[in-house]
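1. Dropping the sequence and predicted coords here.
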Amino acid sequence: MANEINHFQEIISHCKEYGYIFQSSELYDGLSAVYDYGQMGAQLKKNLRDEWWKSMTQMHDNIVGIDAAIFMHPTVWKASGHVDNFSDPMIDNKDSNKRYRVDHLIEAHAETLGKIEADALIAEMDKLLSSDDLAGLKNLIESNKIKCGISKTSNWTDVRQFNLMFSTQIGSVAEEADTIYLRPETAQGIFVNFLNVQKTGRMKIPFGIAQTGKAFRNEIVARQFIFRMREFEQMEMQFFVRPGTQMEWYNYWKDARKKWHESIGIPSEKLRYHDHIKLAHYADAALDIEFEFPFGWKELEGIHSRTDFDLSQHAKFSKKKIQYFDNDLNTEGKPYGNYTPYVLETSVGLDRLFLTVISLAYQEENWTKEDGTEDSRVVMKIPAKIAPIKLAILPLLKKDGLPEIASELMNQCKSKFHCFYEEKDAIGKRYRRMDAIGTPFCVTIDHQTKEDNTVTIRYRDTMIQERINMNDVLNVVSNAIV
Ligand code: GAP
């Protein structure tokens, strides 16, 4: 594990060095648990978002996408239960004044124990968390002599619940202003638009509404880089079904979502399911799709059977009827009539998916060359279809008409996919830079190109180079990124 954590530090540094991710407001010493995506990161993130959007809205003819506002009427969060229930048990160390999320504090302690003791501790914690036994959790921390990492003491406050929503004011003058929240999930923007979309889109159940967008949570222990952030992006889909069919659809989406992760290059053995013991206030079944991050197995995506909780709550708080008239026949030949649909939710964090992709892609390779000398490289083996830049076009020299031929190729390809042009430095150095960025194909234009219109194409993963006709470059790359 120690080595893996070190490796994780190298991934973080690499992301900064090659324009993937920067600490937010770094100029002012940064803002904790908030990150900016650089020129490479923003493109990779967009590619992942586009893949998800396509798989939901283009590949399913019964799923449509929306883009709801971040600000919502404050009653939305009362109705959804977030005002009363969206909190985590926290504990403060009285000597260091440091606040911890109780589950993180206990989990970190469990990592220092042997497997049997650790499993017993986590099982006990899960039991106490699921019964909201705050005093029991404090006892567990004390009886295990868990210490604060800063003060090294066990001088703890009682365990208390802290709401994770950020609030702000809307309105021009303080007296008129209303407190509103930055949304902690995108899902509610879908629920409050259920009737709008169903009616205007003439949607028939079962159908889904998908959305991507920012969400905000005042995470107390925000750590592990972009794994747990205060501002992050979610890709959520709410699938509306007939009551009583929810388990069938739960199993469908459980399977479909894992397959989707595999389709973007995440190996099956790096993914697993984890059923929830403690269900959220809205769910009758829930599981996580976990990924084996460099720091252990953690949640990547949640699949939740949310019952009719959200639509019923919004109907109650808005005093409006939110129902669906189902005029299809059921198996007994009776019409269903009006009902409140049940909901299956798939919810994946885009930043977590990003972290998954770069953790898998980052590789340090060493080898012995034919002449007996050692060589090495850092390469990001990002699958070609999501890599930020697909093709680097590299004239061997800055003269003899080679840049002009390279520009011609750029003009042929750049409307189809992202290309990168570079003429500076020795070719080996340019290849290494493209490996580090994760560009799957490099094409070099040299003097032979002028004679026979061939170029050297170099494949990032194998480093194999071959000569192909310049007219074939567009097809080779296009075929690899579909
Ligand atoms: N609408 C349901 C919902 O929000 P969740 O399990 O709290 O469920 C869904 O969040 C996904 O959002 C998680 O699986 C994770 O990928 C991502 N996520 C949640 N909190 C996050 C945070 N603080 N930073 C980054 N991603 C987060």
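-> That came through, no problem.

2. Now do the contacts for residue 278.
-> Going by C-beta atoms under 8 Å, 6 or more residues apart in numbering, residue 278 touches 126, 129, 130. Every C-beta, even on glycine, is put in place using the N, C-alpha and C of the backbone.

3. hang on, I meant residue 9
-> Shown in contact with residue 9 (C-beta under 8 Å, 6+ apart): no residues.

4. give me that answer again for 10 Å
-> Going by C-beta atoms under 10 Å, 6 or more residues apart in numbering, residue 9 touches 225, 294.

5. try residue 267
-> Neighbouring residues of residue 267 by C-beta under 10 Å, 6+ apart: 261, 292, 360.

6. again, only this time at 8 Å
-> Contact analysis of residue 267 by C-beta under 8 Å, 6+ apart lists residue 360.

7. quick revisit: can you tell me which of the contacts of residue 278 lies nearest to the ligand?
-> Relative to the ligand, the closest of the contacts of residue 278 is residue 129; by C-beta to the nearest ligand atom it sits at 14.8 Å.

8. Look up how far the ligand lies from the residue nearest the centre of the chain.
-> Central residue of the chain (C-alpha atoms, centre = their mean): residue 350, 2.5 Å from the mean position. Distance from residue 350 to the ligand, counting by C-beta to the nearest ligand atom, to the nearest Å: 8 Å.

9. so that residue sits right up against residue 233, yeah?
-> Yes: with contact defined as C-beta atoms under 8 Å, residue 350 counts as touching residue 233 (4.0 Å).

10. need the contact list for the residue of the chain found nearest the ligand.
-> Of all residues in the chain, the one sitting closest to the ligand is residue 349 (2.6 Å; C-beta to the nearest ligand atom). Residue 349 makes contacts with 232, 233, 234, 235, 300, 301, as judged by C-beta under 8 Å, 6+ apart.

11. Swap in 7 Å and give it another go.
-> Contact analysis of residue 349 by C-beta atoms under 7 Å, 6 or more residues apart in numbering lists 232, 234.

12. Report the beta-bridge partner residues of it.
-> residue 234 (DSSP bridges).

13. separation between it and residue 382?
-> 18 Å (C-beta to C-beta, to the nearest Å).

14. go on, residue 90?
-> Distance, residue 90 to residue 382, using C-beta to C-beta: 37 Å.

15. cool, residue 162 as well?
-> 37 Å.

16. and if you look at residue 187?
-> 29 Å.

17. Check residue 367 too.
-> Per C-beta to C-beta, residue 367 is found 21 Å from residue 382.

18. I'd guessed residue 270 sits against residue 291; true?
-> Yes: in this structure, residue 270 is within contact of residue 291 by C-beta atoms under 7 Å, at 5.9 Å.

19. Looking at those two, which is more packed in?
-> Neighbour count, other C-beta atoms under 10 Å: between residue 270 and residue 291, residue 291 has more, with 23 against 17.

20. does the more buried one have beta-bridge partners, and which?
-> Beta-bridge partners, per DSSP bridges, of residue 291: residue 271, residue 298.

21. so what's it up against?
-> Taking C-beta under 7 Å, 6+ apart as the contact definition, residue 291 lies against 266, 270, 271, 298, 300, 356.

22. Need the residues that contact whatever helix or strand the fifth one lives in.
-> This points to residue 300. Using DSSP states H and E, residue 300 sits within strand 296-307. Residues from elsewhere that reach strand 296-307 (C-beta under 7 Å, 6+ apart): 227, 246, 250, 253-254, 257, 272, 280, 282-291, 342-348, 352-353, 356.

23. ok, now with 6 Å
-> 246, 250, 253-254, 257, 282-291, 342-348, 352, 356 (C-beta atoms under 6 Å, 6 or more residues apart in numbering).

24. Show me which residues of the stretch 151-300 of the chain are close to the ligand?
-> Proximity of the stretch 151-300 of the chain to the ligand, by C-beta under 6 Å from any ligand atom, involves residues 185, 187, 217, 219, 228, 229, 232, 234, 236, 299, 300.

25. Any chance of the residues you listed in a markdown table with secondary structure and neighbour count as columns?
-> Formatted as a markdown table, those follow (DSSP: H, G, I helix; E, B strand; the rest coil; neighbours: other C-beta atoms under 10 Å):
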| residue | secondary structure | neighbour count |
| --- | --- | --- |
| 185 | coil | 18 |
| 187 | helix | 25 |
| 217 | coil | 22 |
| 219 | coil | 17 |
| 228 | coil | 20 |
| 229 | coil | 22 |
| 232 | strand | 21 |
| 234 | strand | 22 |
| 236 | strand | 26 |
| 299 | strand | 17 |
| 300 | strand | 24 |
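
26. any chance of those residues in TSV, plus pLDDT?
-> What follows is those, written out as TSV (pLDDT from 0 to 100):
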residue	pLDDT
185	97
187	97
217	96
219	86
228	93
229	95
232	98
234	98
236	98
299	96
300	98
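
27. possible to save these as TSV with distance to residue 20?
-> Shown next, in TSV, are these (distance: C-beta to C-beta, whole Å):
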residue	distance to residue 20
185	26
187	28
217	23
219	22
228	18
229	15
232	16
234	20
236	24
299	22
300	19
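
28. ok, back up a step: can you flag which of the contacts of residue 278 belong to helices?
-> Among these, the ones falling in helices (DSSP state H) are 126, 129, 130.

29. For these, pick the one with the most neighbours.
-> Ranking these using other C-beta under 10 Å puts residue 129 first, with 19 neighbours.

30. Give me the nearest residue to that residue, chain neighbours excluded.
-> Leaving out its chain neighbours, the residue that sits closest to residue 129 by C-beta to C-beta, 6 or more residues apart in numbering is residue 278, at 5.4 Å.
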